[in-house]
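# 3D, please:
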Amino acid sequence: MKRTQQLRIKSDADLLSEVLQWFEQLYHPSIPQRTWLECQTALAEGFINVVRHAHRGYPPETPVQIEVSIQDQGLEIKIWDQGPGFNLEQRLQKAKQNNSEQNTSGRGLLIMHDIMDFLDYSRTPEGQNCLTLIKQY
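Sure, this is the predicted structure:
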């Protein structure tokens, strides 16, 4: 079984519930519930990071492209943004050093890093950035 679905949506934090409703329709009973909830959390964190950080200062019409691929033993989420990009490893290191109740900067990245099996953020040849999240089950 391999299913891939895509969603193109505006950069608006108020649309998170729409993103999660779309994601919920992709659920398959072979996916363990805990895995599904972790992927849902990572998707929410990734989408909100794009809206609040990558697309900060951009018009709300700036699209966020999301792709979910469900395979026999894993789930892959890709989220594309139009922002300037950043060095994922440096941000993760900084977030780990500054992780406290008062400092929430980078917390979403840490959550995604901790609950997913693979996390990558890279620039595409088309000039976009792609956050890739993979969870095996």
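# so where's the chain shaky on pLDDT?
99-105 (pLDDT under 70).
# and the contacts of the helix ranked longest in the chain?
Secondary structure of the chain per DSSP state H: the longest helix is helix 33-49. By C-beta atoms under 8 Å, 6 or more residues apart in numbering, the residues outside helix 33-49 that reach it are 13, 16, 19-20, 23-24, 27, 64, 66, 68, 75, 77, 79, 108-109, 111-112, 115-116, 131, 133, 135, 137. All C-beta spots, glycine's among them, are computed from the backbone N, C-alpha and C.
# which of those residues fall in helices?
Within the contacts of helix 33-49, residues falling in helices by DSSP H are Leu16, Val19, Leu20, Phe23, Glu24, Gly108, Leu109, Ile111, Met112, Ile115.
# who touches the last one in this structure?
Contacts here follow C-beta under 8 Å, 6+ apart; on that basis Ile115 touches Glu38, Thr41, Ala42, Lys135.
# can you pull the contacts of the nearest residue to Glu18 once chain neighbours are set aside?
Nearest residue to Glu18, sequence neighbours excluded (C-beta to C-beta, 6 or more residues apart in numbering): Ile9, at 6.7 Å. Each residue near Ile9 by C-beta under 8 Å, 6+ apart is listed here: Leu15, Glu18, Val19, Pro63, Val64, Ile66.
# okay, and the beta partners of Lys135?
For Lys135, the beta-bridge partners under DSSP bridges are Leu75.
# now the buried members of the contacts of helix 33-49.
19, 23, 64, 66, 68, 75, 77, 79, 108-109, 111-112, 115-116, 131, 133, 135, 137 (16 or more other C-beta atoms under 10 Å).
# how far away is Gln93 from Gly46?
Gln93 sits 19 Å away from Gly46, going by C-beta to C-beta, to the nearest Å.
# likewise for Ser69?
In terms of C-beta to C-beta, Ser69 sits 15 Å off from Gly46.
# Gln93 and Gly46 - which one has more neighbours?
With neighbours defined as other C-beta atoms under 10 Å, Gln93 and Gly46 compare such that Gly46 has more, 28 against 12.
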